[in-house]
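In: Using only what follows, build the 3D model:
(one chain, ligands or ions: 1)
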Amino acid sequence: EDPSLPKAEKIKLDETDPAKIKLGNGQDVKGTRVRVFGRVHRERRQKTNMFITLKDGYGFMQVILTGKLAATYDALTLTRETSMEILGELREVPQGAHAPNGRELHADYYRIHPGWHAAGGDDAITNRVSKDTEHATLLDLRHLTLRGETASKVMIVRDAVEYAFNVVYRELRLRKVSPPALVQTMVEGGATLFGLPYYNEEAFLTQSSQLYLETCLASMGDVYCIEKSFRAEKSLTRRHLAEYTHIEAELDFIHFGDLLDHLELVMCRVLEVAMADPTIKQYIMELNPEFQMPERPFKRMRYSEAIDWLVEHGIPNEEGEPHKFGDDIAEAAERKMTDAINRPIFLTHFPVEIKAFYMLKDKDDPRVTHSVDCLMPGVGEIVGGSMRIDQYDELLVAFARQEIDPSSYYWYTDQRKYGSSPHGGYGLGLERFLAWLCKQHTVRDCCLYPRYFGRCKP
Ligand code: 4AD
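Out: Numbers count the residues shown, from 1 in each chain. Alright, predicted model coming up:
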């Protein structure tokens, strides 16, 4: 390190944290000498020079080693993912050349501290995870896959989207609560419950926080939560996880139309807030170049119209027969329809028999409920919501119809005893929202460490 050179500026993340040096910042410091830290994302030699793309999770920086610096043992044996400390002058890239943020660091000194080298040879990261590696192996090596450009962009977009939901709910005056994960009631049917011994009792991992959110309305007004939900799904599909992040909201004194309007507003506003960050917008457009803001209002389609559509288009039900009223629309059929229509759809008014016990019947047609699924091209259902039965007697009839013993739901039925109200809400699967937004084939690539049938590692 040459002490006669100008003192190196640190590129700061912000004024309050001068110790942190981030590669994405400091676009305007061309011409200054800086000290950066990061890992080798890519390296390439050109004659006697060496070009390194350094990354630190905040951005990328092109670094040039010239002369002696490119000829050291460390430089000649440099492996990807090696961590480096580099000093040099930031310069504009020459005309016609491209580099992140249009700048490059001309190094005059670098250091690879003890333990900072990344393995090479057979153990090199490029030999362990590559484009040709099988998806299952990539998931076993998720801790390394996460370092890749696609996975890291998806995770960074995920952070921004989750944050945007918080921002938008604040704007709409919803309050955040944190319901329990360990419960003794089910919400979405016994078939997907994960049970576990709980001291001397039986408990389950929650399938949805909805019932708990409903209990908050009276004291807190409209509420939401962002929590994990758990489903013991036994099928391997590209959109089912055993553990997923569930964004749920519950709104008081509303009608069904209000619920749909709110949902549309939240989804569009979340996209606006997230895309307002240029890095996030750039990542989304790189992952999903055809992305367009959804047109409002979303297409609204009744379940019965969807059945007609499926019949007209010759898409059979699970038994291979033409769809009829009362059929559950299976994943494949739902996706075919959504992809063909190719825009967000609010599918509403599902029959009572195929929906959860708590859903309110439509007074004008008691065969159906005030329920909604939001379907997105490429993924299908990303949101499920409804108005809730708000009358005590009606709720008990609904429990009986689905042969659920209401005694353990006393805290839920009590809501209808002490000042009930017309209310409704929904749950949005964050991984499914991201699979749509970032055009990922499967929700498994939209969570940090996916859990699904047959996988609980790493
Ligand atoms: O339609 P679901 O089952 O609705 C509920 O749980 C309601 N109680 C929510 C509420 O009204 N508060 O699930 C809601 C959403 C689905 O649309 C889907 O996006 C996601 O949760 N989801 C899953 N995501 C990944 N893996 C799974 N196994 C999922 N199951 C549901």
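In: OK, contacts around the closest residue to R269 other than its chain neighbours?
Out: Distances taken as CB to CB, 6 or more residues apart in numbering place V168 nearest to R269, at 4.7 Å, with adjacent residues excluded. Yep, even glycine has a C-beta here, placed from its N, CA and C like the rest. Counting by CB atoms under 8 Å, 6 or more residues apart in numbering, V168 touches V266, R269, V270, V273.
In: swap the cut-off to 6 Å and go again
Out: By CB atoms under 6 Å, 6 or more residues apart in numbering, V168 lies in contact with V266, R269, V270.
In: and the stretch 351-458 of the chain, which of its residues are near the ligand?
Out: Residues of the stretch 351-458 of the chain lying close to the ligand by CB under 6 Å from any ligand atom are 381-385, 425-429, 431-432, 443.
In: Now the residues you listed in JSON lines, please, with extra columns for neighbour count, secondary structure and pLDDT.
Out: Formatted as JSON lines, those follow (neighbours: other CB atoms under 10 Å; DSSP: H, G, I helix; E, B strand; the rest coil; pLDDT from 0 to 100):
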{"residue": "E381", "neighbour count": "19", "secondary structure": "strand", "pLDDT": "96"}
{"residue": "I382", "neighbour count": "24", "secondary structure": "strand", "pLDDT": "97"}
{"residue": "V383", "neighbour count": "22", "secondary structure": "strand", "pLDDT": "98"}
{"residue": "G384", "neighbour count": "21", "secondary structure": "strand", "pLDDT": "98"}
{"residue": "G385", "neighbour count": "28", "secondary structure": "strand", "pLDDT": "98"}
{"residue": "G425", "neighbour count": "26", "secondary structure": "strand", "pLDDT": "98"}
{"residue": "Y426", "neighbour count": "24", "secondary structure": "strand", "pLDDT": "98"}
{"residue": "G427", "neighbour count": "23", "secondary structure": "strand", "pLDDT": "98"}
{"residue": "L428", "neighbour count": "22", "secondary structure": "strand", "pLDDT": "98"}
{"residue": "G429", "neighbour count": "23", "secondary structure": "strand", "pLDDT": "98"}
{"residue": "E431", "neighbour count": "26", "secondary structure": "helix", "pLDDT": "98"}
{"residue": "R432", "neighbour count": "26", "secondary structure": "helix", "pLDDT": "98"}
{"residue": "V443", "neighbour count": "25", "secondary structure": "helix", "pLDDT": "96"}
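In: Just put these in JSON lines and tack on distance to S219.
Out: Listed next are those as JSON lines, based on distance: CB to CB, whole Å:
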{"residue": "E381", "distance to S219": "31"}
{"residue": "I382", "distance to S219": "30"}
{"residue": "V383", "distance to S219": "26"}
{"residue": "G384", "distance to S219": "25"}
{"residue": "G385", "distance to S219": "22"}
{"residue": "G425", "distance to S219": "16"}
{"residue": "Y426", "distance to S219": "21"}
{"residue": "G427", "distance to S219": "21"}
{"residue": "L428", "distance to S219": "24"}
{"residue": "G429", "distance to S219": "28"}
{"residue": "E431", "distance to S219": "31"}
{"residue": "R432", "distance to S219": "31"}
{"residue": "V443", "distance to S219": "34"}
